[in-house]
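Asks: what follows is a protein structure lacking sequence information:
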């Protein structure tokens, strides 16, 4: 039977993809609330958020982001679809022509290449599911 990998220690996002964790384990079990609490203990960067990649496959990324109130992810887009699932708090997702507010339990699916920015309207955490497009 395949071993089930469990949670990780929190470190700043840029250091988490250096092989310190089993990002591509065949089975991965996480306590998202504990992961969010660990991220919040790390502290927020100048943009008011801290992020951690939980899973990294060839075609998929799961990224956990904890925000301070007012924290933001600046304008960006992804080559593949992105799902923004709010775990706690409240966020506003700005799209080119509209603003979408999401509360805990809310989910927004964003099609490939659609620009967006995220701002936390309260202390919040979100789970991002990012599907990668092959560069063929």
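Replies: Received, thanks. Just so we're clear, the structure is a prediction, and the values are computed from it rather than from any experiment.
Asks: how about the helices in this structure?
Replies: 32-42 (DSSP state H).
Asks: which regions of it sit below the pLDDT cut-off?
Replies: 1-22, 134-136 (pLDDT under 70).
Asks: need the nearest residue in space to residue 73, chain neighbours excluded.
Replies: residue 118 (4.3 Å; C-beta to C-beta, 6 or more residues apart in numbering). Just so you know, the C-beta spots here come from the backbone N, C-alpha and C atoms, and that holds for glycine as well.
Asks: please look at the one you found and residue 72 and confirm they touch.
Replies: Yes - with contact defined as C-beta atoms under 8 Å, residue 118 and residue 72 form a contacting pair (6.3 Å).
Asks: so between these two, which is more surrounded?
Replies: residue 118 (25 against 17; other C-beta atoms under 10 Å).
Asks: against residue 23, how distant is the residue nearest to residue 73?
Replies: 23 Å (C-beta to C-beta, to the nearest Å).
Asks: now stretch 112-123: how far from the chain's centre is it?
Replies: Stretch 112-123 sits 11 Å away from the centroid of its parent chain (C-alpha atoms, centre = their mean, to the nearest Å).
Asks: not counting it itself, show me its contacts.
Replies: Stretch 112-123 is contacted from outside by 48-49, 67-82, 84, 88-96, 101, 110, 126, 133, using C-beta atoms under 8 Å, 6 or more residues apart in numbering.
Asks: buried ones in it, by neighbour count?
Replies: By 16 or more other C-beta atoms under 10 Å, the buried positions in stretch 112-123 come out as 116, 118, 119, 120, 123.
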